[in-house]
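Participant: Sequence first, then the predicted structure:
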Amino acid sequence: MSETTRAGASRSPFPALLIALLGVLVTVALDMALLWWAALIIGVVLAFAAVVLVDRRMPEVGRAGAAGTKEEGTTLHRTLVVPTALVLSVVSGLLSAWFLDLSLIEPVAAAVGAFVGSAVAFLLYRRLSAMLALSFAAVFAAGIIAIAVTALVLLLSGIAPGATFARMMEYGTRPNSLVQIINDGTTYYLAAVAVAIGFKMKLFNIGVDGQYRLAALMAAAVGGHFVLPPVLSQIVMIVVAVAVGGAWAGIAGYLKVARGVSEVISTIMLNAVATGITAYLLNTNRLAVEISTNNIGTPPLPEGSWVPGIPAGFLGSEREIFGLVLLAIGVGVGYAVMLNRTRFGFELRATGQSQSAAEASGVNVKKMVFLSMLFSGMVAGLVGMPQLLGSSHYYALDFPTGIGFIGIAIALLGRNHPVGIAFAALFWAFLNQASGILPFDGIPQEIAVIAQATIVLTVVVVYEVVHRWGRRYQQQQIGKELGTTVAGPVETETTVPAGTASDSGDAPSGDDTPGEAGTRGGEAK
């Protein structure tokens, strides 16, 4: 069978659709006798088994790893990739069903969840690479370690870990808590993306906190003092925030490329300067007015300058999700496209990997450093906008602070990947929200801080260990394939009389490097 036929067979949607329907039918049938989640798990597992059986009967599609190595049939594929794909399929189905159960009846939610999990099973079994599976395994291992450490701290404090975790889970999954998690996660995500842009260039932008606070203050002042038509007002405030954040981070970028000042030192100092400027401007004799007896802030924004929220009735809550969550999604998509689909993104990653190699290939390293800090600051300027335009509607003394430093931890936790950062931001927001109920039960709320710190530390360490092991594994696989590829032609080459290739005018095989061709020619002579 030709490669075209194989590729066409692998791209056909009918096998995936049939397997997804199988998972749905099994789940619906078992839902009459079992709990919905048990029925869904069995349905997805059976669908995954069907994927394995169908895949063995279909022609090979040549799944390749990140380095182009064949992975089917290897020990790592059997022991890690396949189990990881199964676990992710079940989790995808359960999460989809749980989310839909908030607005749909239980049988329908379970059926849709089974469909999603079964479809994901078909996709992951054939597409999940070993390196990506290793990344998921690292996250899982880090989570287990963090839970174990947190449980140990609770035990030493005389608190039952199981009851504490159950209480946090129950409170964190309430409808109003889910809305708060999404809102907090929106601001955390923007802060983490701002930090991640710098990380991709091996730059440590610690100044996100000062950049977003100064940007939010100036945007609130413009919106409060100048009454503009709706839509135009929101656009102007967002542009002001982006400009102020970018300009403030651009100072650190300029000092880096022009004077060689470490961005760590300059951004820390700029944070202090931003705090001083904010305190100076937030005065009733300057930009502020009295908000309440013990609070001052910029003039409240007119209602036409607010960004409407998204009703969260589908979550069972009467509260609203920040409308600028759509802006955060757009920033994430733009970040992904910029990194993977633009020349700037390629040069950004190349310069971050090796400045000397990038400079030798014609990249203007100083320009890239400055632009990276500039873009990082521009995204940082957006961090306070969801809160300003969606909730508080003025910048006051009680405006949220410290989000920039949280963004550093979330960027590390998400490995600077736009999707990974999204999950990390929601997880961080969940821990913050879920721990809010603990003081009412006599449990220290700081337990969430311990869990957050532990999981960031373990993720960084485990990721590094897994990354190094994965690279060694890839090198071994490439070495084996190269050895197999080279061994075959050498045996054939020795049977050809000397001078045959040169007499016929044939060039060496395209699979051979010039060195290999020369060596074989010498052996033949």
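Facilitator: Nice, I can see it. Numbers count the residues shown, from 1 in each chain.

Participant: what comes up buried for stretch 195-204?
Facilitator: Going by neighbour count (16 or more other CB atoms under 10 Å), the buried part of stretch 195-204 is 195-201, 203. (Each C-beta comes from the backbone N, C-alpha and C, glycine too.)

Participant: Poorly predicted segments of the chain, please.
Facilitator: Scanning the chain for pLDDT under 70 picks out 1-13, 57-73, 484-525.

Participant: The longest helix along it: how far from the chain's middle?
Facilitator: Determined from DSSP state H, the single longest helix within the chain is helix 447-494. How far helix 447-494 lies from its chain's middle: 21 Å, per CA atoms, centre = their mean, to the nearest Å.

Participant: Next: stretch 122-138.
Facilitator: 15 Å.

Participant: Just the terminal-to-terminal distance for it.
Facilitator: Taking CA to CA, to the nearest Å, the first and last residues of stretch 122-138 lie 23 Å apart.

Participant: Give me the domain ranges for the protein.
Facilitator: 2-128, 166-305+332-443 (automatic domain parsing).

Participant: Of all those, which one is nearest Val139?
Facilitator: Taking CB to CB, domain 166-305+332-443 is the member of the domains of the chain nearest to Val139, at 8.6 Å.

Participant: among the domains of the chain, which is the most enclosed?
Facilitator: Neighbour counts (mean count of other CB atoms under 10 Å) averaged over each of these peak at domain 166-305+332-443, with a mean of 20.

Participant: so who does the residue nearest in space to the middle of the chain touch?
Facilitator: The centre of the chain sits closest to Gly420, judged by CA atoms, centre = their mean, with a distance of 1.8 Å. Counting by CB atoms under 8 Å, 6 or more residues apart in numbering, Gly420 touches 413-414.

Participant: Out of the domains of the chain, the one nearest Gln476 is which?
Facilitator: Closest to Gln476 of those is domain 2-128 (CB to CB; 9.2 Å).

Participant: Throw the domains of the chain into JSON lines and include distance to Gln476, thanks.
Facilitator: What follows is those, written out as JSON lines (distance: least, CB to CB, whole Å):
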{"stretch": "domain 2-128", "distance to Gln476": "9"}
{"stretch": "domain 166-305+332-443", "distance to Gln476": "22"}
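
Participant: do you know which of the ones you listed lies nearest Val460?
Facilitator: domain 166-305+332-443 (5.8 Å).

Participant: Between the two ends of the closest one, how far is it?
Facilitator: 13 Å.

Participant: how far is it from where the chain is centred?
Facilitator: Distance, centroid of domain 166-305+332-443 to centroid of chain: 16 Å (CA atoms, centre = their mean).

Participant: thinking again about what came up before, can you tell which of the domains of the chain is closest to Leu482?
Facilitator: With CB to CB as the criterion, Leu482 lies closest to domain 2-128 of the domains of the chain, at 10.2 Å.

Participant: Strands of this structure, residue ranges please.
Facilitator: Secondary structure of the chain (DSSP state E): strands located at 289-292, 295-297, 310-311, 320-321.

Participant: Now do the longest one: which elements does it pack against?
Facilitator: Where contact means 3 or more CB pairs under 8 Å, 6 or more residues apart in numbering; DSSP states H and E, strand 289-292 is packed against strand 295-297.

Participant: and if you look at the third one?
Facilitator: In terms of contact count using 3+ CB pairs under 8 Å, 6+ apart, strand 310-311 is assigned the packing partners strand 320-321.

Participant: Pull up the pairing partners for the strand it packs on, direction included.
Facilitator: Using DSSP bridges, the strands paired with strand 320-321 are strand 310-311 (antiparallel).

Participant: Touching, Leu327 and Met385? I think so.
Facilitator: Yes: judged on CB atoms under 8 Å, Leu327 makes contact with Met385 at a distance of 7.2 Å.

Participant: okay, and the common contacts of these two?
Facilitator: Here Leu327 and Met385 have Ile238 as joint contacts, going by CB under 8 Å, 6+ apart.

Participant: Skipping adjacent residues, who's closest to Ala448 in space?
Facilitator: Excluding the flanking residues, the one nearest Ala448 by CB to CB, 6 or more residues apart in numbering is Ser435, at 3.4 Å.

Participant: and if you look at Val116?
Facilitator: In space, and not counting its chain neighbours, Val116 is closest to Ser96: 4.3 Å by CB to CB, 6+ apart.

Participant: Contact partners for the one you found?
Facilitator: Residues in contact with Ser96 (CB under 8 Å, 6+ apart) are 112-113, 116-117.

Participant: and stretch 85-102, how far out from the chain's middle?
Facilitator: Worked out by CA atoms, centre = their mean, stretch 85-102 lies 19 Å from the chain centre.

Participant: heads up, I number from 737, so please use that
Facilitator: Yep, numbering from 737; the last one is stretch 821-838 now.

Participant: then that stretch to CSV, C-alphas only?
Facilitator: Extracted C-alpha coordinates of stretch 821-838, given in CSV (Å, rounded to 0.1, in the frame of the first residue of the first chain):
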residue,chain,number,x,y,z
ALA,A,821,-2.9,8.6,26.4
LEU,A,822,-5.5,6.5,28.3
VAL,A,823,-5.3,8.6,31.4
LEU,A,824,-5.7,11.8,29.5
SER,A,825,-8.6,10.4,27.5
VAL,A,826,-10.5,9.5,30.7
VAL,A,827,-9.7,12.8,32.4
SER,A,828,-10.9,14.7,29.3
GLY,A,829,-14.1,12.9,29.3
LEU,A,830,-14.7,13.3,33.1
LEU,A,831,-13.9,17.0,33.0
SER,A,832,-16.2,17.6,30.0
ALA,A,833,-19.0,15.8,31.6
TRP,A,834,-18.5,17.5,35.0
PHE,A,835,-18.5,20.9,33.3
LEU,A,836,-21.6,20.2,31.2
ASP,A,837,-23.4,18.7,34.2
LEU,A,838,-23.6,22.3,35.6
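
Participant: got the phi/psi numbers for Ile895?
Facilitator: phi -120, psi 140 (degrees, to the nearest 10).

Participant: Hmm, Ser1127 is touching Phe1058, no?
Facilitator: Yes: with contact defined as CB under 8 Å, Ser1127 reaches Phe1058; the gap is 7.3 Å.

Participant: which residues do those two both contact?
Facilitator: Common neighbours of Ser1127 and Phe1058, using CB under 8 Å, 6+ apart, are Asn919.

Participant: now Leu939, nearest residue through space, not along the chain?
Facilitator: Counting by CB to CB, 6+ apart, Glu999 is the residue found nearest to Leu939 once chain neighbours are left out, at 5.3 Å.

Participant: Would you check how far apart that neighbour and Asp945 are?
Facilitator: Separation of Glu999 from Asp945 (CB to CB, to the nearest Å) stands at 14 Å.

Participant: coming back round to it: switch the buried residues of stretch 931-940 over to JSON lines; also include distance to Gly1138.
Facilitator: Output for the buried residues of stretch 931-940, formatted as JSON lines (distance: CB to CB, whole Å):
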{"residue": "Val931", "distance to Gly1138": "13"}
{"residue": "Ala932", "distance to Gly1138": "18"}
{"residue": "Ile933", "distance to Gly1138": "20"}
{"residue": "Gly934", "distance to Gly1138": "18"}
{"residue": "Phe935", "distance to Gly1138": "19"}
{"residue": "Lys936", "distance to Gly1138": "23"}
{"residue": "Met937", "distance to Gly1138": "24"}
{"residue": "Leu939", "distance to Gly1138": "21"}
